[in-house]
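> output the structure for:
(chains A and B)
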Amino acid sequence: MTQDVMLLSIILLLVPMLSFLINIFFGDKLGRLSGIVGTTILGIDLGLAIVVAFTKLVSHADLFIIQNKIEWFNIGSIKIVVGFGVDNIAAIMLVVVTLISFLVHLFSTVYMEGDRRFPKFFAYLGLFTFSMLGIVLANNFLIMYIFWELVGISSYLLIGFWYEKKSASDASKKAFITNRIGDLGFFIGIMILFMTYGSFMFEDVFAGISSGLMPFNSSTMLTLAGIGIFMGAMGKSAQWPLHVWLPDAMEGPTPVSALIHAATMVAAGVYLVAKVFAMFTADALTFIAIIGTITAFIPATIALTQTDFKKVLAYSTVSQLGFMIMSMGVGGYTNGFFHLVTHAWFKAGLFLASGSVIHAMHHAMHHMKDHHSDPQDINNMGGLKHTMPWTYRTFLVVTLALSGIPLTSGFLSKDGILAGTLAYANLTGGWHWIIPIMGFASAGMTAFYMFRLTIVAFHGEPKTEIAKHTHENKAQIVLPLVILTVLSFWFFYSPNPIDASKGWFHASVTQPQTAVPAAYQWDFLISEKAAPAASQHLSESSHGETGQIAEAGSHSTGHYLNKLQEETHHFHLLAMILSLLIAGTGIAFAFAIYQFKVISADNLEARFKALHNFSLQKWFFDELYKATVIAGILGISKALSWFDTYVVDGIVNASAYLTRGYGKFVGLFDNIVIDGAVNLTANTTGYLGSKIRKIQTGQVQSYVVFVLLGLLIILYFFI
Amino acid sequence: MEIGLTHYLFISAILFSLGLYGIITRKHAIMVLMGLELVLNAANINFIAFARFGGMNIEGHIAAIFVIILAAAEAAVALAIVLNIYQNFRHVNIDEVDNLKG
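Down below sits the predicted model:
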């Protein structure tokens, strides 16, 4: 039975690869059909994913993970074991990835219509889906890393899909290089763990850590390994200070932004943190929480002033990813992952809606023969509410979800995260109170900028002729919007619209037992499990097949209570009221400024000119990196170039000169001394020969005389 | 005066010296060979004389016969060489045959 699940998972993983292969090799022949082929294949994949997820979550809820492993190869005595596995979060992610991928495929059949490289687009989407599913199914660091890079390359291909545009090709390079910086840390982290525990498998590493074995016998190295792995997540999930690539990645086609840069790939970092959550020490978690908090806050302030439709959404994505990471960092595992899933639906919905708007703007511009206006500038929109009613309705609902208004999924997850940060700050105290304060501030700004976007783009009078001529799009574009909107309501996750903790999601996604020894762990994360109870629980579920770890699940909450969860429950109501108040204030401000114009936006802008500019220019991060990192690297390059030209070349030239001089000297020595000696010998011999040859007369009789003389001499001496 | 070993050796020495003189001074190759025969026969006289007066006995005779055989063989080979010299140079003047001159 479990083997069937594994088989299905492998098929599920390979099916999108089929789409890639078909579209890359036969795309030109298929032409417009390639979109339909890709969509159909992803539809099948979605079906498989639902079957796998359902089987895992319902039939095998007692197993922590269903997995298989094989020995890939040996290096000396080291065995490299790899495999795939489905645990609860993987099962949920499978559905998230395949469903959004399917909807994006469907959306793209219309959105990308008429593009020169239409089949290639679907090929790349297939490649991306394959790689993403690989990350989801990996049960070891090696496979995870391989697919991690594959996702990076598909993201690169898709951001630079319109590579004729300089900005697009630049953005793809920026994304790839920024990700590489994070991946370097990821690799170092993996290698620290592999050096110590001799295995890439998550379970082996966790078992090694919980046995008390520390990398290089130091808990600091374990923290560093955790931070290294988290750096991979920082790159992929666009965490500050590596967040700069994500807004630029909006140069890619909008469906790509929805699939990769809003819902799935950028969530891979959060997913990674969730997968290896058990190995983070308290210090590593604090680091994660700080990075997450900064990432939640800074991009939210940037999004306040952006005028590009997609840029606002991009910064909002970064900010929300910050929320998820922050939640992971404070120990709110379940809520962080919950926010990942709910955010995936409504952010994909937002991006597809923005795609719908941009598509309509493009059409209108094409119709009016206008090729200069910016179809993504919200100041060119306005009044779209009437021309595009379905897009407006769906956009409004997902905006409410993102702002965290009750009855939406976003409310459930964001509320959980904020309650978690409050609980964390209360338990640890001190400067940690900054985390919930910045979290709430970011939530307020989120509500404000989302409603600013909605009001400026959709409400009021059309600001340009283009906006007046927009029309609602075809069903292939509207249908995905509607589906994603429906998924953004609360009832999908929990019957109670204000509390998700009793829903199926929280029952399925439970915080894993931490592997880190108690000394290096926040004491509130250490479960108060009694040892006998634990062993009893393990023996109960050890009837399963070998290689499957019994789940330390919520079914026995009594034994596995942890203080944070308890505290989160206490703060639930407070967090809910606070976040509602703050979100409400944000929305009210947005309406006051942009809808009813009670407060003049221009006045505000003039009064806070410096602040406004700071936000508009994105905190000058790009400029900062240009001035520090890029200028630094260029400076180093220049210095190295100078060093090469003058020092290295100088040394080479000098040694060449010296060698030549020496060669000349040796040549002279050869010519004069050695040749002289040789010639002298030869000449002397020749001279002597010419003298001695005279005795060789050739006359036999003279020889006889010599013989005789010789004989006489011998006789004289011897006798 | 009784004829003893000394006389034989004296005759033999004269014969040897004559032969040597012939070998060294004659221009004609045949003459040189004849000088050579004299040298060999001087040796023969010595052998026989030693066989008679010294302690050599029969061995002296055998050696003398060996020398005669050797002389015959030598004459055959040497005459063949002289014939070849004649075929190459159209004369047998040994002092003009100096192709090996250094």
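
> quick one: the strands in chain A?
Listed in chain order, the strands of chain A (DSSP state E) span residues A:65-75, A:78-87.

> list the contacts of residue A:267.
The contact partners of residue A:267, by C-beta atoms under 8 Å, 6 or more residues apart in numbering or on different chains, come to A:96, A:237, A:321, A:324, A:340, A:343, A:344. In this view, the C-beta of every residue, glycine as well, is placed from N, C-alpha and C.

> closest to residue A:403 out of those?
The shortest approach to residue A:403 among the contacts of residue A:267 belongs to residue A:343, at 12.3 Å (C-beta to C-beta).

> quick check, pLDDT for the closest residue to that closest one other than its chain neighbours.
Counting by C-beta to C-beta, 6 or more residues apart in numbering or on different chains, residue A:343 lies nearest to residue A:320, which is 5.1 Å off, once chain neighbours are set aside. pLDDT, the model's per-residue confidence, is 90 for residue A:320.

> what sits against residue A:320?
Counting by C-beta under 8 Å, 6+ apart, residue A:320 makes contact with A:296, A:339, A:343, A:347, A:402, A:446.

> now, the most widely separated pair of the residues you listed?
Spatially, the most separated pair among the contacts of residue A:320 is A:296 and A:347, at 14.5 Å (C-beta to C-beta).

> re the thing from before, can you tell which of the strands of chain A is closest to chain B?
Distance to chain B, taken as C-beta to the nearest C-beta, is lowest for strand A:65-75 among the strands of chain A, at 77.9 Å.

> the inter-axis angle of that closest one versus strand A:78-87?
In terms of direction (axes from the mean of the first three to the mean of the last three C-alpha atoms, to 10 degrees), strand A:65-75 departs from strand A:78-87 by 160 degrees.

> surely residue A:190 touches residue A:141?
Yes - with contact defined as C-beta atoms under 8 Å, residue A:190 counts as touching residue A:141 (4.6 Å).

> ok, those two, which is more surrounded?
residue A:141 (27 against 21; other C-beta atoms under 10 Å in any protein chain shown).

> those helices in chain B, which residues are they?
For chain B, applying DSSP state H gives helices covering B:5-25, B:29-53, B:58-89.

> what about the second one and chain A, any contact?
Yes - in this structure, helix B:29-53 sits against chain A according to C-beta under 8 Å from any C-beta of the partner chain; the contacting residues are residue B:32.

> so which elements touch that helix?
In this structure, helix B:29-53 makes packing contacts with helix B:5-25, helix B:58-89, judged by 3 or more C-beta pairs under 8 Å, 6 or more residues apart in numbering or on different chains; DSSP states H and E.

> just the ones you listed: most buried one?
helix B:5-25 (a mean of 15; mean count of other C-beta atoms under 10 Å in any protein chain shown).

> tell me which helix or strand in chain A has the weakest average pLDDT.
The element with the least model confidence among the helices and strands of chain A, by mean pLDDT, DSSP states H and E, is helix A:557-560, at a mean of 35.

> rank the strands of chain A by mean pLDDT and give me the bottom one.
Out of those, strand A:65-75 stands lowest, with a mean of 83 (criterion: mean pLDDT).

> neighbouring strands for it, and are they parallel or not?
Based on DSSP bridges, the strands next to strand A:65-75 in the sheet, each with its direction, are strand A:78-87 (antiparallel).

> what does chain A put close to chain B?
Near chain B, the residues belonging to chain A are A:692-701, A:704-705, A:708 when assessed by C-beta under 8 Å from any C-beta.

> now, of those, which are buried?
By neighbour count, with 16 or more other C-beta atoms under 10 Å in any protein chain shown, the residues of chain A next to chain B hold A:697, A:699, A:700 as buried.

> which of the residues you listed lies closest to residue B:74?
Taking C-beta to C-beta as the measure, residue B:74 sits nearest to residue A:700 out of those, at 14.9 Å.

> ok, for that closest one, nearest residue in space, not its chain neighbours?
Closest to residue A:700 by C-beta to C-beta, 6+ apart is residue B:94, at 5.9 Å.

> contacting residues for the one you found?
Contact analysis of residue B:94 by C-beta under 8 Å, 6+ apart lists A:699, A:700, A:701, B:26, B:27, B:28, B:29, B:32.

> how about residue A:354, what does it touch?
A:254, A:257, A:309, A:310, A:313.

> just the buried ones from these, in PyMOL syntax?
Only the buried entries of those go into this PyMOL selection, using 16+ other C-beta under 10 Å:
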select buried, chain A and resi 254+257+309+310+313
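
> could you check how far the closest residue to residue A:197 other than its chain neighbours is from chain B?
When the adjacent residues along the chain are set aside, residue A:197 lies closest to residue A:208, with 3.8 Å between them (C-beta to C-beta, 6+ apart). According to C-beta to the nearest C-beta, to the nearest Å, residue A:208 and chain B sit 95 Å apart.

> is it correct that residue A:208 is in contact with residue A:195?
No - proximity of residue A:208 to residue A:195 does not meet the contact threshold set by C-beta under 8 Å, at 11.2 Å.

> if you count what's nearby, which of these two comes out ahead?
residue A:208 (20 against 12).

> quick one: contacts for that one?
Contacts of residue A:208 (C-beta under 8 Å, 6+ apart): A:196, A:197, A:199.

> what separates it from residue A:194, distance-wise?
Distance of residue A:208 to residue A:194, given as C-beta to C-beta, to the nearest Å: 11 Å.
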